[in-house]
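*Asks:* Structure for this input, please:
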Amino acid sequence: MSIPYRWIIVAAGALMTCVALGAMFSLAIFQEPIAIETGWSHAGIASAMTLNFIVMGIGGFLWGTASDRFGPRIVVLIGAGGLGLALVLASRAESLLQFQLTYGILVGLAASTFFAPMIATTTGWFEENRSLAVSLVSAGMGVAPMTISPFARWLISAYDWRTAMLLIGVTAWVLLIPAALLVRRPPAEAGAAAALISNGEQPKLSQVFRSPQFIVLGLTFAACCAAHSGPIFHMVSYATICGIAPMAAVSIYSVEGLAGLGGRLLYGGLADRIGVKPVLVAGLLVQAIALATYLFVSRLGEFYVLAIIFGSAYGGVMPLYAVLAREYFGPRIIGTVFGAATMLSSLGMAFGPLIGGWIFDTFHNYSWLFIGSALVGLGAAAIALAFPPLSRAKTTEPALSASA
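*Replies:* Sure, this is the predicted structure:
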């Protein structure tokens with residue numbers, strides 16, 4: 001039986017988000033070995049992740065705009081080559097500054113070529129089951145902790161952190177370049193883009209970015225990511241402090257990823273049936289409660305239970321922002337709009353790892369990290385309640401997409 005090409009796009013997107021974001025987030029696994037060998041501070045190493053998110057945010061907007069204009073294939077091909085090169089260079093860094101520049105800037109710039117462009121492209125291939133399809137592409141992020149993170153831990157144990165990072169960079173080349181060659185612009189969108197260029201029309205982006213729909217979308221996305229980024233990055237360290245063995249602590253991270261995969265499927269399916277907004281608000285509330293509950297766990301079984309709840313919540317809500325962007329603003333500028341929203345979310349994520357590292361270096365525990373993250377998570381749910389009704393948003397679309 002032939003497979004509709006839209007599902008090939010989904011599979012390629014899931015693989016690319018898994019490898020690219022898994023490689024970036026594997027810094028959580030590298031943090032302790034790097035600190036032990038080099039003597040660099042936890043905050044200094046974690047700041048590379050902060051740079052990742054800042055650069056990834058800016059890059060997501062730029063690459064999303066490039067994807068709208070030139071198509072997604074060239075964008076993800078650039079990212080595939082750049083990610084492997086960045087990891088290879090970071091593995092050779094001899095100073096903390098060199099590491100921060102290579103891992104923090106180059107890895108973040110390369111990783112930003114995948115998420116927003118591929119999510120935006122996927123929304124164009126689907127009219128029915130759009131939330132589910134976007135969730136499946138985003139599920140690559142959930143699979144990463146079950147694949148890239150244990151792979152990184154095994155490589156570090158077998159060799160050292162430098163060799164491990166080098167080999168992950170080579171693996172990125174091997175997997176991402178062939179996947180990038182499979183990517184195509186949606187057929188209907190390709191024709192619309194050609195007509196748009198030939199007529200010389202440009203969407204009025206200034207009006208889009210000032211609209212209440214985009215402001216609420218961007219602020220909710222940013223607060224959501226600010227809430228969970230620090231706890232995700234420092235979870236392995238936190239579990240180790242609580243007396244969990246290092247490999248078992250990594251397995252908690254993997255359970256979160258598996259739960260995130262299930263959460264994407266569950267939340268995506270529910271959003272297709274009952275609407276995106278109520279599912280998003282519910283997921284944000286669950287995330288905030290789970291973050292506060294981490295203050296009371298210390299045993300491996302308790303970590304596993306909470307990892308399932310927390311992972312399914314933050315994993316489930318992440319794809320829903322792209323669906324809202326598509327529903328509010330239509331297909332023509334989805335890459336640009338979602339790229340801009342991703343930029344705001346990345347800025348929110350940027351400070352979690354750094355603040356978590358500062359909290360640990362200052363207080364020698366992570367209690368204030370989880371308290372602050374839970375409060376920010378509640379704020380995200382409150383902002384999400386302000387999403388305008390979709391029917392109202394649709395009536396504004398002609399004005400938002402009018403020519404300049």
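*Asks:* where does the helix or strand hosting residue 81 sit relative to the chain's centre, distance-wise?
*Replies:* Element membership for residue 81 (DSSP states H and E) is helix 72-91. Taking CA atoms, centre = their mean, to the nearest Å, the mean C-alpha location of helix 72-91 is offset from the chain mean by 17 Å.
*Asks:* what mean pLDDT does it have?
*Replies:* The predicted model gives helix 72-91 an average pLDDT of 94.
*Asks:* Just after that helix, pick out the following helix or strand.
*Replies:* Next in sequence after helix 72-91, counting helices and strands by DSSP H and E, comes helix 96-99.
*Asks:* List the buried residues for that following helix?
*Replies:* For helix 96-99, a neighbour-count test (16 or more other CB atoms under 10 Å) marks 96, 99 as buried. Using the backbone N, CA and C atoms, a C-beta is placed for each residue, glycine as well.
*Asks:* again with stretch 370-388
*Replies:* Judged by neighbour count (16+ other CB under 10 Å), stretch 370-388 contains these buried residues: 370, 372-374, 376-381, 383-384, 387.
*Asks:* cool, stretch 132-148 as well?
*Replies:* When neighbours are counted by 16+ other CB under 10 Å, the buried residues of stretch 132-148 are found to be 132-146, 148.
*Asks:* Then stretch 244-257?
*Replies:* Quick answer for stretch 244-257 (16+ other CB under 10 Å): 244, 246, 249-257.
*Asks:* would you say residue 185 is within a helix?
*Replies:* No. Going by DSSP: H, G, I helix; E, B strand; the rest coil, the assignment for residue 185 is coil, not a helix.
*Asks:* can I assume it is in contact with residue 71?
*Replies:* Yes. With contact defined as CB atoms under 8 Å, residue 185 reaches residue 71; the gap is 4.6 Å.
*Asks:* Tell me, how many residues neighbour residue 296?
*Replies:* 9 (other CB atoms under 10 Å).
*Asks:* Likewise for residue 286?
*Replies:* 20.
*Asks:* my guess is it meets residue 309, correct?
*Replies:* Yes. The criterion here is CB under 8 Å, and residue 286 meets it with residue 309 at 6.6 Å.
*Asks:* Now do the shared contacts for those two.
*Replies:* When CB atoms under 8 Å, 6 or more residues apart in numbering defines a contact, no residue borders residue 286 and residue 309 alike.
*Asks:* Is residue 38 in contact with residue 98, as I believe?
*Replies:* No. Here residue 38 lies out of contact with residue 98, judged by CB under 8 Å, at a distance of 11.0 Å.
*Asks:* Now residue 372: closest residue in space that isn't a chain neighbour?
*Replies:* Nearest in space to residue 372, with sequence neighbours left out and distances taken as CB to CB, 6 or more residues apart in numbering, is residue 355 at 7.6 Å.
*Asks:* in which helix or strand would I find the one you found?
*Replies:* Counting by DSSP H and E, residue 355 is part of helix 334-363.
*Asks:* now for that helix, which elements pack on it?
*Replies:* helix 42-70, helix 115-125, helix 205-210, helix 212-241, helix 320-329, helix 367-384 (3 or more CB pairs under 8 Å, 6 or more residues apart in numbering; DSSP states H and E).
*Asks:* Go through the shortest one and flag the buried ones.
*Replies:* Right, the one you point to is helix 205-210. For helix 205-210, by 16+ other CB under 10 Å, it's 205, 208.
*Asks:* a helix runs through residue 311, doesn't it?
*Replies:* Yes. Counting by three-state DSSP, residue 311 falls inside a helix.
*Asks:* Buried residues in the helix holding residue 355, which are they?
*Replies:* For helix 334-363, by 16+ other CB under 10 Å, it's 334-360.
*Asks:* Please apply the same query to stretch 34-54.
*Replies:* 34-35, 38, 40, 42-54.
*Asks:* repeat for stretch 146-166
*Replies:* In stretch 146-166, counting by 16+ other CB under 10 Å, buried: 146, 148-153, 155-156, 161-162, 164-166.
*Asks:* which two in these are spaced the farthest apart?
*Replies:* 146 and 162 (24.1 Å; CB to CB).
*Asks:* who touches residue 136 in this structure?
*Replies:* Per CB under 8 Å, 6+ apart, neighbours of residue 136: 10, 13-14, 264-265, 268.
*Asks:* Ignore what I typed, I meant residue 316.
*Replies:* Neighbours of residue 316 in contact, by CB under 8 Å, 6+ apart: 135, 260, 263-264, 266-268, 279, 283.
*Asks:* Residue 28 too?
*Replies:* Counting by CB under 8 Å, 6+ apart, residue 28 makes contact with 49, 149, 232-237, 253.
*Asks:* can you rerun that using 6 Å?
*Replies:* If you count contacts by CB atoms under 6 Å, 6 or more residues apart in numbering, residue 28 has them with 233, 236.
*Asks:* From residue 319, how far off is the nearest residue to residue 277 once chain neighbours are set aside?
*Replies:* In space, and not counting its chain neighbours, residue 277 is closest to residue 387: 5.2 Å by CB to CB, 6+ apart. Note on residue 387: its distance to residue 319, by CB to CB, to the nearest Å, is 16 Å.
*Asks:* element containing residue 243, please.
*Replies:* Applying DSSP H and E, one finds residue 243 in no helix or strand.
*Asks:* Just give me the neighbour total for it.
*Replies:* 11.
*Asks:* roughly how far apart are it and residue 249?
*Replies:* Taken as CB to CB, the span from residue 243 to residue 249 is 10 Å.
*Asks:* Cheers, nothing more for now.
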